[in-house]
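J.: Just to be clear, the model below is a prediction. Sequence and coordinates:
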Amino acid sequence: QKQMLEDQRRMVSYYNAIMQNKHHFHDKVVLDVGAGSGILSIWAAQAGAKKVYGVEATKVAQHARKLVEANGLTDIIEIIQSEMEKVELPVKVDIIVSEWM
């Protein structure tokens with residue numbers, strides 16, 4: 001997790017991919033698979049998503065919730081601590097983002 005966040009080239013690429021495509025995120029439901037710190041969830045919300053589900057299996061989900069709260073996005077982002085295979089979302093998602101490397 002820390003290694004990903006410290007990789008500036010990678011983070012800038014993800015940020016630009018989301019922010020330069022705000023028209024795709026506007027008013028959409030987004031799923032962040034393996035959300036980790038929740039950074040992709042936060043950027044998706046900042047890009048205009050109406051709802052973001054960040055799914056993270058590890059205890060890092062607790063930290064992601066704190067980051068979401070610190071950014072004032074608890075009304076948009078829901079962090080779910082679970083394995084993705086066990087999650088049933090209440091709605092169909094429009095976009096899936098993931099940092100899987």
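T.: Here it is on my side, so go on.

J.: what number of residues lie near the residue nearest to Gly38 when sequence neighbours are not counted?
T.: Nearest in space to Gly38, with sequence neighbours left out and distances taken as Cβ to Cβ, 6 or more residues apart in numbering, is Ala64 at 3.4 Å. The C-beta positions use only the backbone N, C-alpha and C, and glycine is treated the same way. Using other Cβ atoms under 10 Å, Ala64 has 26 neighbouring residues.

J.: Please give the element, helix or strand, for Ala64.
T.: Assigned by DSSP states H and E, Ala64 belongs to helix 60-70.

J.: Which of the residues in that helix are classified as buried?
T.: For helix 60-70, the neighbour count (16 or more other Cβ atoms under 10 Å) marks Val60, Ala61, His63, Ala64, Arg65, Leu67, Val68 as buried.

J.: quick one, what contacts the residue nearest to Gly38?
T.: By Cβ atoms under 8 Å, 6 or more residues apart in numbering, the contact set of Ala64 is Ala35, Gly36, Ser37, Gly38, Ser41, Gly54, Glu56, Ile79.
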